Each structure stands twice: as structure tokens, then as C-alpha cells.
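Asker: Here is my input; please provide its structure:
(3 chains)
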Amino acid sequence: MKWFWYASPQTFYPLAAQLARWCGLAAVVLALAGLYIGFFVAPTDAQQGEAYRIIFIHVPAAWMSMFIYVVMAFWAGIGLAFNTRLSGMMASALAPTGALFTFIALWTGALWGRPTWGTYWVWGDARLMSELILLFLYFGFMALHASIEDPRRADRAAALLALVGVVNIPIIYYSVKWWNTLHQGASVSLSAAPKMAATMLSGMLVMALAFWMYSVAAAMLRVRGIIRERGS
Amino acid sequence: MVVWRELLVALRRRSDVATALLFFVIVASLFPLGIGAEPNKLRAIAPGVIWVSALLSSMLSLGRLFAADHADGTLEQMVLGAAPLGVTAAAKAFAHWLVSGLPLVAIAPLVALQYDLDAGLYGVLALSLLLGTPVLSLIGGIGAALTLGVRGGGVLLALLVLPLYVPVLVMGAGSVEMASAGLGGQGQLLILGAMLIVAAAFAPWATAAALRISSE
Amino acid sequence: MLEASDLECERGGRRLFRALTFSVNSGEIVRVAGANGSGKTSLLRILCGLLTPSAGEVRWNGARIQSLKEEYARHLLYLGHAPAVKDELTGAENLRVACVLAGLSTTAEQRRDALARFGVPGDKPVRQLSQGQRRRAALARLSVSWQAPLWLLDEPFTALDAAAAELTRTLLGEHAQRGGSVVYSTHQDAGLRDRRVIEL
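Answerer: As a prediction, this is how the structure comes out:
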């Protein structure tokens, strides 16, 4: 695969369209499969009833939100190290999708919390709080990029921010987790979910793949938009 | 040399320094007005309130860290200086801490008095602030450097920097709370110390990179 | 010796110049000429390393300036548009800081002389000086920077009165005679006998 050939925005443009088409298709198929498994095949949980099924969206979305941030930081790093334009564009293209999944994870987390524990927002859960901070990190990235006029400087500044963020995420997670144990004692943890029946896990994996395909498709479309906009 | 210059400038612009301190005191005083002055409740929220106020005050003065230098051209000279830019950035952060962080450590006990915080906890509080405020200056420097001359500066800076401040806040306030629960705050203080070392080692280089990006 | 090869600069979507190649040897004074907005400032910033060109590279004595970093900075004096003086400090303090930051070793005596030569009162805060005096306070650095072989000056003659302009011309000439090189930009005739002119 001639990687460097595709490193130029012009040549990447048509490839992106192809990827978008195929991944979009895969996303739809996988999503249907995943939802089917989640809502029809997986057994009803003894303790939580039907409401727990929302984890089939919540967990994959959370996985994606973190995965996308890492990928975004990866492209940011490449862009800073090799001064390539396309890497910066990729990072910018990924950010909104990442933010979307973070938001979905938070929203579905709240919807799950209500019937299960009686509250929408569980301050006690380290993962939920880290998701919230992750959302702020995404917003920060997008806001910084939007505030800088020169696209190259915007790419590089946002890239640095993404790298600083990715290093901080584990630190933030552990500090919140510690805070949680201090304040809650026996914490209600959304991650101490029902013992995973094999079908549940496979359902979540399929949904995760579906989300991944969707992310690629969305990012490809967005990158095309950015390439067009910058006219390079 | 950079530190010397920063201090001289700060000395001659005493109002800036005083404003940051005043802000700290005012914010900390707002909480009882908003929440009600029930002594037990105040004592419980004191560590958190003091820490959040310190955080906000430190963040407010971050805008000044590089903005003036950027405007009058001295920042370029620093980027082009003979010393590695990381060292210069560290020096700026250190000077920032001396001027806006260290005074907070000194004034915090007074605010703690307002909240009727147990006197035995003053030591832990001061120590946590002593370890934590430099980290705020160091990390804040990265944000300040990234947002130089950018629209929506102050609020954008807050958005960028506050998520990164969370671990410091959690450990800092947490150490005092642990101490008040009789469990001693040493663990958290040690972690704060570790954060300080890591931040001192890495933040200046990130700040230097950000300064170079912003100078283009 | 400064070499620039194949420099291309793109700012705000416009290509300011491309395929720009030239070299500056010791003892040469080079003028960068061009209308406002033609890229003079950008070129100087590329030469000193503040700005990365979209193509091409700059070499100092054979090595790329990106790899030289502080090493290069020690050989360099850059004066940009902004006076690079802090309002709250006095002329003398500003000069002292500037010299230390640039890695130049100077004595208090030398700095005092430099300020006196430019007619700048060294003990008043810069804030209290007039615009003209401020510019001269910034230019006073020229008097103490003989250790830096390469001088990159962005519009040094702007807003200078005749005496200060003459003094600056003299200093540039002296520097070239010592074996240093000067690249300066201006959009008016500075009255210096330039060896070469780069037109943008």
C-alpha cells in the first residue's frame, strides 16, 4: 500500500469517498445485527429487567469515545512530528464524532441510572465522571481549533492539546476513582454490571464494531469536507 | 534572569497581584452566602471551597502569563533566546507561582478561619496548596501558551485547563478531608508531590512547543 | 554564512513567495525590498526560525537551523516590528535582560554607553519615554551585539529621526566591516550602500 501516496490531501480525497461508502454500509448492517442481539437474543437480566439493555449502546459508545480520542491523539502526534497536513485534518475530522459518542455514553448512562438506581446522574461513578471530563476535552479541542484563524496553526495547537489530554486521561480517571472511593464507600459502579452472558458480550462487540464503522465513515466524509474547504 | 525580570515587572504592577489575591478571598467568601452559614456544613466544605477558589484565582492570572510578552515582542526574543525554551517556560511558570500561588498559601489559613476549619488541619491545607499551586501554574502555562492572541481567550483558556486541573483538585482537597477524617492525608500529599515532579519535568516542554506554535 | 534554498511561504491562503534561493556571506549587507504585504516580515521570520516555511530550508554554516536551535540563536540578533521592551522596566534593565537572554556577555559600562549613544535615558521606565525614545531603546541592542554575527532587522529605519537613522546606518556598516552579515527590510530607500537587494 503506497502510504505516502495517500498522504496528500488530493489523492486521499477519492479514497475517502470509497471508505465512507463501504464503512457506512458495514455500519448499518452491523448495527442491525447488534441491536437484534441486544434486544431479542440476549436474556432478560434477573435483577435489572429490560432496562439494562441500554448497555448495548452505552458501553460500546463509551469504548468508542475513548478509542477515538486515542486515534485522534495519534494523528495529532503524526501531524506535529512530520508536519503533514492530512494528519491534522484527520484529527479535526474525528473530534466531533468522538464528542458525539461521549455524549451518547453519558446520556445512555443517565437513562440507565434512572430505573436502576433512581437517579439520572451518579456522581459516584468514576467512569461516568471521566466521560464527562472527556467530553470537555473534546470540546476544548474543537473550541481551540475554531478560535484560531490560520488553519495550520489551529491544527498544530489543537494537536498539542490532544496529546496533553491523552496523557492526562489515565491520571484523571484514577484520581476520580480515588475520589469516588473516599466519598461513596461501597460505590455503585455502573461497570459492576450483570455477569456477562456470552450473548451480551457478543452483542456489545457487534455494536462496538458498528460504531467503529460509523466513525470511519463519518470521519471520511468530514475530512472530504475539510479538504474541500481548505482548497488544497 | 527571566525570574528576576518577571518579579520586577510584577513589583511595579502591584495591582495585578493584589487583584488575584482579592479574587481568591472574595470567591471563598461567596459560598457561605450562597449555601447558608451552618457551621458543620461549612467546616465540611471548607477544603473543597478553598481549593476551588485557589484554582479559579490561579487560572484568572494565567491570562497575564504570556499575553503581555506576546504583545510587546519580548516573547519572540525569549523564543529566540540562547537558553532552551523549556527552561525559559519553566522560569515563567515559577515566577507566576511566586506571584500568584505562594501568596495563596499564606492567605489560605485566614479563609480557613472563616470556615471554622479545625486548626490542626491548617498544616495539611497549606502543604497541599504549597504542592498543588505550582502544578496549576505549570499546567496552566501550556493552556496560556496555546491560547495566545486567540479570540475568546479567557473563557477558552478555562475550558482547556480546568479538565486538566481535576486531578490536582481531587488530591489537594482530598488530602485535607482525609486528615479531617483522622486518616491522615499523607497518601494524597505524596501523590501531589509526584504530580509536581512530573509536571515540572514535562509541562515546560509542552509549553515551549505551544509557544513556538503560537509564534508562527 | 546563511543559505536559503527554495523557500516558499504561504500565509492566510496566499502564496507570498516561492522558490526563493539566496545566500548571505560575512561582511554583506542585504536589503529585502518590497511593497507592504509582500512577505518581508515573513521572510525574516523564516530566516530566524520563528516561522516554518511551507517548502524549502534555511542553513547556517551548512547546518539546518531547525537542528541548530539554540546554537543558531546565539549567533543571531533579530529585531522585529515590536520594540521588545517591557514598559515597566527602565531602558537599562531592559537592555540587560535582552543581552542575557540572547547569550551575550556585556558589562554595565558597555550597556550604558550603548544607551547614551542612542540618546536614551537609561533610568526611567520605558513607559515614560516618548515613542521615538522607545524605538531607540530597542535599537540600542545593536551597539552591544557585535558578538552575534548575523543581524536580521525588520524595518529598522521606520519612524527614526535623521540622527538615529544615521547612527543605525553607521552601526550596520561597522558590523559588516567586522565580518558580520546584515539582512534588513525596508519599503523605502534607507540610504545604505547595499551589496544586494532581494525583491519580493
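
Asker: The longest helix along chain B - contacts with which helices or strands?
Answerer: Secondary structure of chain B per DSSP state H: the longest helix is helix B:39-72. Where contact means 3 or more CB pairs under 8 Å, 6 or more residues apart in numbering or on different chains; DSSP states H and E, helix B:39-72 is packed against helix B:14-35, helix B:74-79, helix B:85-96, helix B:102-114, helix B:122-146, helix B:153-180. C-beta here means a position set from N, CA and C on the backbone, and glycine is covered the same way.

Asker: make it 10 Å
Answerer: helix B:2-12, helix B:14-35, helix B:74-79, helix B:85-96, helix B:102-114, helix B:122-146, helix B:153-180, helix B:186-214 (3 or more CB pairs under 10 Å, 6 or more residues apart in numbering or on different chains; DSSP states H and E).

Asker: for chain B, what are the low-confidence residue spans?
Answerer: Along chain B, segments meeting pLDDT under 70 span B:10-12.

Asker: need the residues of it near chain C, please.
Answerer: B:1-2, B:4-6, B:8-13, B:68-85, B:87-88, B:212-213, B:215-216 (CB under 10 Å from any CB of the partner chain).

Asker: Show the buried residues in those residues.
Answerer: B:2, B:5-6, B:8-10, B:68-70, B:72-83, B:85, B:88, B:212-213, B:215 (16 or more other CB atoms under 10 Å in any protein chain shown).

Asker: so where's the chain shaky on pLDDT?
Answerer: Going with chain A. In chain A, residues with pLDDT under 70: A:1-6, A:41-51, A:116-125, A:180-198, A:231-232.

Asker: Actually, chain C is the one I wanted.
Answerer: Ranges of chain C meeting pLDDT under 70: C:188-196, C:199-200.

Asker: can you pull out the strands in it?
Answerer: Here chain C has its strands, by DSSP state E, at C:2-11, C:14-24, C:29-33, C:55-60, C:63-64, C:76-79, C:150-154, C:181-186, C:196-199.

Asker: Specify the stretch among those that is closest to chain B.
Answerer: strand C:76-79 (5.5 Å; CB to the nearest CB).

Asker: Is the closest one in proximity to chain B?
Answerer: Yes: Strand C:76-79 lies within reach of chain B by CB under 10 Å from any CB, at C:76, C:77, C:78, C:79.

Asker: now residue C:78: how far from residue C:154?
Answerer: From residue C:78 over to residue C:154 the distance is 8 Å, taken as CB to CB, to the nearest Å.

Asker: any shared contact partners between those two?
Answerer: C:44, C:45, C:48 (CB atoms under 10 Å, 6 or more residues apart in numbering or on different chains).

Asker: which ones are touching the last one?
Answerer: For residue C:48, the contacting residues are B:76, B:79-80, C:58, C:65, C:72-73, C:76-78, C:80, C:150, C:152, C:154, C:183, by CB under 10 Å, 6+ apart.

Asker: and what of residue B:91?
Answerer: B:1, B:2, B:3, B:4, B:5, B:6, B:78, B:83, B:204.

Asker: List just the nearest of the residues you listed to residue A:40.
Answerer: For those, the residue nearest residue A:40 by CB to CB is residue B:204; the value is 56.2 Å.

Asker: surely the closest one meets residue B:93?
Answerer: Yes: between residue B:204 and residue B:93 there is a contact at 6.8 Å, judged by CB atoms under 10 Å.

Asker: got any residues that touch both of these two?
Answerer: B:138, B:141, B:142.

Asker: CSV for these, including distance to residue C:100?
Answerer: Shown next, in CSV, are these (distance: CB to CB, whole Å):
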residue, distance to residue C:100
B:138, 23
B:141, 21
B:142, 25
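
Asker: Can you say which of the residues you listed are also within reach of chain A?
Answerer: residue B:142.

Asker: filter the shared contacts of residue B:204 and residue B:93 to the buried ones?
Answerer: B:138, B:141, B:142.

Asker: can you give me the helices for chain A?
Answerer: Counting by DSSP H, the helices of chain A are A:3-6, A:9-36, A:55-82, A:85-117, A:126-147, A:151-184, A:198-230.

Asker: Nearest to residue B:44, out of the ones you listed?
Answerer: helix A:151-184 (11.4 Å).

Asker: Find the residue at the geometric middle of the chain.
Answerer: Using chain A. Closest to where the C-alpha atoms of chain A average out (CA atoms, centre = their mean) is residue A:65, at 1.9 Å.

Asker: Chain C is the one I meant
Answerer: residue C:153 (2.5 Å).

Asker: Would you mind stating the distance between that one and chain A?
Answerer: According to CB to the nearest CB, to the nearest Å, residue C:153 and chain A sit 25 Å apart.

Asker: Might one say that that residue is in contact with residue C:172?
Answerer: Yes: at 8.1 Å, residue C:153 counts as touching residue C:172 under the criterion of CB under 10 Å.

Asker: Looking at residue B:204 and residue B:93, which one has more neighbours?
Answerer: residue B:93 (29 against 24; other CB atoms under 10 Å in any protein chain shown).

Asker: What's the local residue count around the closest residue to chain B within chain A?
Answerer: Going by CB to the nearest CB, chain B is nearest to residue A:175 of chain A, at 3.8 Å. As a burial measure, residue A:175 scores 24 neighbours (other CB under 10 Å).

Asker: what sits against the spatially closest residue to it that is not a sequence neighbour?
Answerer: Excluding the flanking residues, the one nearest residue A:175 by CB to CB, 6 or more residues apart in numbering or on different chains is residue B:167, at 3.8 Å. By CB under 10 Å, 6+ apart, residue B:167 lies in contact with A:133, A:168, A:170-176, A:178-179, B:132, B:135, B:139, B:191-192, B:195.

Asker: And for chain B, the residue most distant from the center?
Answerer: residue B:38 (29.0 Å).

Asker: Tell me if I'm right that that residue and residue B:32 touch.
Answerer: Yes: applying CB under 10 Å, one finds residue B:38 in contact with residue B:32, separated by 9.1 Å.

Asker: Just checking the distance from stretch A:141-156 to the centre of its chain.
Answerer: 21 Å (CA atoms, centre = their mean, to the nearest Å).

Asker: List the buried residues in it.
Answerer: Neighbour-count burial for stretch A:141-156 [16+ other CB under 10 Å]: A:141-145, A:147-148, A:151-156.

Asker: follow-up on the earlier one: was I right to think the residue of chain A closest to chain B contacts residue B:166?
Answerer: Yes: counting by CB under 10 Å, residue B:166 is a contact partner of residue A:175 at 6.6 Å.
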